[in-house]
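Student: Fold the following.
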Amino acid sequence: MENNKNIALVVGATGITGSNLAQELISQGWTTYGISRNTNNNIEGLIPVKADLLDVQSLETALENISPTHIFFTTWMRNDTEEENIRVNSALIRNLLNVLSQKKSVKHVALVTGLKHYLGPFEAYAKEGKLPETPLREEQPRLPLPNFYYAQEDEVYAASERDGFTWSIHRPHTVIGYAVGNAMNMGTTLAVYASICKETGKKFIWPGSSAQWNGISDVTDARILAKQLVWASTSEEAKNKAFNISNGDVFRWKWLWKRLADWFEIEAVGFENEIKPLEKEMQKHHEIWKTIAEKYGLKENNLDRLSSAWHTDLDLGRPLEVMTDMSNSRKSGFLEYQNTEESFLDLFKKLKEENLIP
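Tutor: Prediction:
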């Protein structure tokens, strides 16, 4: 099998994108290493590598006997300012690619970024009212604003020039899928919120903006993102290109919200005159969640480990509809499709099976 020659190194293999990618690579017969600061790995077949990407010495030691052919960057570190984000997140990439440079084994580097590439930080489009044109297309120019995604791309381009590997950039948004302990997962956050509504008899109130409620949206299933990453890293057509990645369907939240509520058998309430941030709502429910966890014997009684309402608020509170154009992928031969309602419902079933929601 040709794939045995492919040796993947997944950066951030414990996160939502990285863990789904690792599973996809392993299922396709790749030798797959997962590098992270903590190696609490529960993915069968993944070889954990413990290293600190900000510490070159630790990387050199950890990778001494590993010569990957394909690198997948699926994680970043959140800092207080964009300047810090730029400094830290470009160093992660630079350090790893520098350490591997002398091995001459790397053929392809894939970098996962996101829609901040087009939108800039939330403050930028929320304040200025300069809303980008949707659907968002890969050829749209960079914004004249500091953005750590640009800094990360530039590190990949520079190392590619130096070392001769090919690259691909992947821009998902609102990634839906299963991964525990990931702080940026709208699907799990909404499942926890809905479970609280069900237990307390509350209504499932839309937390976001009217633009998001009424506009057209798309989202990215972690499983389709994994498939695109593997495809782009092995396909001639995909070399040295940037790709949006979403499920391939579009929807309006005012349609989907009720469908999600129906799954939990609770009552949905739509947009009514103002944004009602979920973060504020969830802060009241720490004790309630502990009670729910005890009552149903759930695995996790700490709400903060399951729910990232602040991030869901950023996504659902946007003052514009957000959808992406998938033509680049389609023209290059990536034809996978995922139904969005099923993305959410598959996740809810999995969370239930894993004893994370009642």
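Student: What residues of the helix or strand hosting T291 count as buried?
Tutor: With the criterion set as DSSP states H and E, the secondary-structure element containing T291 is helix 286-296. When neighbours are counted by 16 or more other Cβ atoms under 10 Å, the buried residues of helix 286-296 are found to be I288, W289, I292, A293. Where C-beta positions appear, they are placed from N, C-alpha and C, glycine not excepted.
Student: Tell me the buried residues in stretch 150-158?
Tutor: Judged by neighbour count using 16+ other Cβ under 10 Å, the buried positions of stretch 150-158 are Y150, A151, Q152, E153, E155, V156.
Student: Closest one of the residues you listed to R78?
Tutor: Using Cβ to Cβ, Q152 is the member of these that lies nearest R78, at 13.9 Å.
Student: Show me what the helix or strand containing the closest one is in contact with.
Tutor: Using DSSP H and E, the element containing Q152 is helix 148-163. Outside of helix 148-163, the residues within contact range by Cβ atoms under 8 Å, 6 or more residues apart in numbering are 73, 76, 82, 85-86, 89-90, 93-94, 97-98, 101, 104, 106, 109, 111, 113-114, 116-117, 142, 165-167, 169, 240.
Student: how about a cut-off of 6 Å?
Tutor: Contacts of helix 148-163 with the rest of the structure, by Cβ atoms under 6 Å, 6 or more residues apart in numbering, involve 85-86, 89-90, 93-94, 97, 101, 109, 111, 113, 116-117, 142, 167.
Student: Stretch 202-213 now?
Tutor: Residues from elsewhere that reach stretch 202-213, judged by Cβ under 6 Å, 6+ apart: 194, 197, 253-254, 257, 261, 266-271, 275-278, 316-321.
Student: Which residue ranges of the stretch 251-358 of the chain form helices?
Tutor: 253-264, 278-283, 286-296, 303-306, 309-316, 327-332, 340-353 (DSSP state H, counting those that start in this stretch).
Student: circling back to that earlier point, list only buried entries from the contacts of stretch 202-213.
Tutor: 194, 197, 253-254, 257, 261, 266, 268-269, 271, 275-278, 316-321.
Student: Can you name the two of the contacts of helix 148-163 that sit furthest apart?
Tutor: The largest separation in the contacts of helix 148-163, counting by Cβ to Cβ, is between S101 and K116 at 28.2 Å.
Student: For those two, indicate the residue with more neighbours.
Tutor: K116 (21 against 14; other Cβ atoms under 10 Å).
Student: show me what contacts that one?
Tutor: K116 sits next to Y149 when contact means Cβ under 6 Å, 6+ apart.
Student: residues making contact with the longest helix along the chain?
Tutor: The helix that spans the most residues within the chain, counting by DSSP state H, is helix 82-101. Helix 82-101 is contacted from outside by 53-54, 56, 59-60, 76-77, 79, 106, 146, 148, 151-152, 155, 159, 163, using Cβ under 6 Å, 6+ apart.
Student: can we see that at 7 Å?
Tutor: Residues from elsewhere that reach helix 82-101, judged by Cβ atoms under 7 Å, 6 or more residues apart in numbering: 11, 53-54, 56, 59-60, 63, 68, 73, 76-77, 79, 106, 121, 146, 148, 151-152, 155-156, 159, 162-163.
Student: Please list all residues in contact with L345.
Tutor: L345 is in contact with W263, counting by Cβ under 7 Å, 6+ apart.
Student: The stretch 1-150 of the chain: strands as residue ranges?
Tutor: Taking DSSP state E, counting those that start in this stretch as the criterion, the stretch 1-150 of the chain contains strands spanning 7-11, 31-36, 47-50, 70-73, 108-112.
Student: What is the third one packed up against?
Tutor: This means strand 47-50. The elements that strand 47-50 packs onto, with contact taken as 3 or more Cβ pairs under 7 Å, 6 or more residues apart in numbering; DSSP states H and E, are strand 31-36.
Student: Show me where the stretch 1-150 of the chain dips below the pLDDT cut-off.
Tutor: Across the stretch 1-150 of the chain, residues meeting the criterion (pLDDT under 70) sit at 1-4, 39-41, 122-130.
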